[in-house]
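J.: Sequence and computational prediction follow.
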Amino acid sequence: MKRSNGMIILIGIIVVLAASLVVLLVYVNNQQPATRGIAPITQVEEMEPDSSKWGINFPNQYSTFKLTETNNTRTTVGGSEPYSRLEEDPRLVTLFGGYPFSKDYNEDRGHLNSLTDVEATLRVNEKTAGTCYSCKSADNPRLWADMGMAEFDKTLFKDLGEQISHEIGCANCHEANTMRLKVTNPALEEALEAQGKDWRTFTRQEMRTVVCANCHVEYYFAGDGKYLTFPWEGGTRIEDIAGYYQELGFKDWDHPQSGAAMIKMQHPEYELFTADSTHYKAGVACADCHMPYTRDGAAKFSTHDVKSPLLNAETACGACHTDVGYVTGRVATIQKQVNDTLLATEDALVEAIQAIEAASKVSTASADLLGEARNLHREAQLRWDFIAAENSMGFHNPEEALRILASATDMARQAQLKAVQAAGSVGILQTSSQ
């Protein structure tokens, strides 16, 4: 009997504890986000572009974020020092011939230089669309909400600039007060929707990569209104993107030497990293490496001094890897291999351009074969540029980077051969190689 009474009491205690837990969970989940966790010192207006106001509540994040203005340190194959890529690699002048990147192509600096750098580049002129501000300012979320993205994009750059005064900041990635990570760029939301994805269902760890896709992606300006669009409808791998552009018949410019309809790729870090890379499959997020957790006394926070992990390897890499020296050595080996392959691809592209140009001057040249050569030039160069414009020199996904460059080199050599066949003379091949 005593045993039965004891069992009844135990069951009663379990029921009471379970009911208490349910009540507690319901209470917590029904709290307004702003009251959960540490209460903010001050309320920040939604889409507030001035990051210093957010910094009152989050001083560690803000103080480290300010370091992005001066963290201009160069790494072996990149970094954030604003050197001229054209001076570093003159082949780029040929590859981007007829396009503004042949006049001005500098390495990007940290986030707090975003506005200064875009307004100073020689690639901007009187006809430049406001779309070019899309990834440069914390004023954007507010302007997108007030104007709509279509109006924002079609407004001239010089006119839109009168409403923009804040560099990239907190509002580009966070919801005010709750600091919830969010998609702020309408183009990213539309691209995810086209794939049947809703970012609101993503985990916080997933969002620590997705928020980077507000900017660090391939994109193009669609139509006369220069509407910002991510070419992800068929997928985010290079073959999907290339096929999308082919079907659309889109081009950024015509190459003056080869006559090919060209595509300029833009920093596709998100696409390369999420293409089944080793770190991505392991659940690593962009922020884990570029904004690693650090400490200020007892406070643990994600540093917002966004930069190459190589400049903070003990913290960025050491969180997962015990032998940081080995890891950084592996990075150097991988990046050298990718860079060497990249330069070999550039040589193949330049020779293809020269061969097509020479063949086009032959009056009896086959128009069909020349057309094939030009299309191969286009396809080869956009693949090369997918890796060249991406900011990790292949490390975000080494296997994929080398696969893409191998394909690009093969296509470039095919373009060169088609040009020779079009002209009916092997002499053109010999001339282009000299």
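T.: Thanks, I have the structure now.

J.: Point out where the stretch 301-434 of the chain drops to low pLDDT.
T.: 425-434 (pLDDT under 70).

J.: hey, where'd the helices end up in it?
T.: Along the stretch 301-434 of the chain, the segments classed as helices by DSSP state H, counting those that start in this stretch run 313-316, 324-360, 367-388, 398-423, 427-433.

J.: for Leu188, what are its contacts?
T.: Trp199, Val210, Ala213, Asn214, Val217, Phe230 (CB atoms under 8 Å, 6 or more residues apart in numbering). (Each C-beta comes from the backbone N, C-alpha and C, glycine too.)

J.: Check for me that it belongs to a strand.
T.: No. Under DSSP: H, G, I helix; E, B strand; the rest coil, Leu188 sits outside any strand and is assigned helix.

J.: ok, so of the contacts of Leu188, who is nearest Ala138?
T.: Nearest to Ala138 among the contacts of Leu188 is Asn214, at 11.4 Å by CB to CB.

J.: ok, the closest residue to that closest one other than its chain neighbours - how many residues close by?
T.: Using CB to CB, 6 or more residues apart in numbering and skipping residues adjacent in sequence, the residue nearest Asn214 is Asn185, 4.2 Å away. For Asn185, the neighbour count with other CB atoms under 10 Å is 23.

J.: tell me the contacts of Asn185?
T.: Residues counted as contacts of Asn185 (CB under 8 Å, 6+ apart) are Ser134, Cys135, Asn140, Trp144, Asn214, Cys215, Leu228.

J.: who wins for neighbours among those residues?
T.: Asn140 (27 neighbours).

J.: before we move on, the earlier item: with distance to Asp288 and mean neighbour count added, can I get the helices of the stretch 301-434 of the chain in a markdown table?
T.: Below are these laid out as a markdown table (distance: least, CB to CB, whole Å; neighbours: other CB atoms under 10 Å):
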| stretch | distance to Asp288 | mean neighbour count |
| --- | --- | --- |
| helix 313-316 | 8 | 17 |
| helix 324-360 | 14 | 19 |
| helix 367-388 | 23 | 22 |
| helix 398-423 | 18 | 22 |
| helix 427-433 | 46 | 16 |
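
J.: Output those in TSV, with distance to His111 appended to each entry.
T.: What follows is the helices of the stretch 301-434 of the chain, written out as TSV (distance: least, CB to CB, whole Å):
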stretch	distance to His111
helix 313-316	17
helix 324-360	22
helix 367-388	22
helix 398-423	24
helix 427-433	42
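
J.: nearest to Gly148, of those helices?
T.: helix 367-388 (30.3 Å).

J.: pretty sure Gly55 contacts Glu48?
T.: No. Contact criterion CB atoms under 8 Å: Gly55 and Glu48 do not qualify, at 11.0 Å.

J.: Grab the nearest non-local neighbour of the most centrally placed residue in the chain.
T.: Among the residues of the chain, the one closest to the centroid is His216, at 1.7 Å (CA atoms, centre = their mean). Excluding the flanking residues, the one nearest His216 by CB to CB, 6+ apart is Glu269, at 4.1 Å.

J.: which residues touch the one you found?
T.: Cys212, His216, Val217, Cys286, Glu390, Asn391, Ser392, His396.

J.: All good on my end, thank you.
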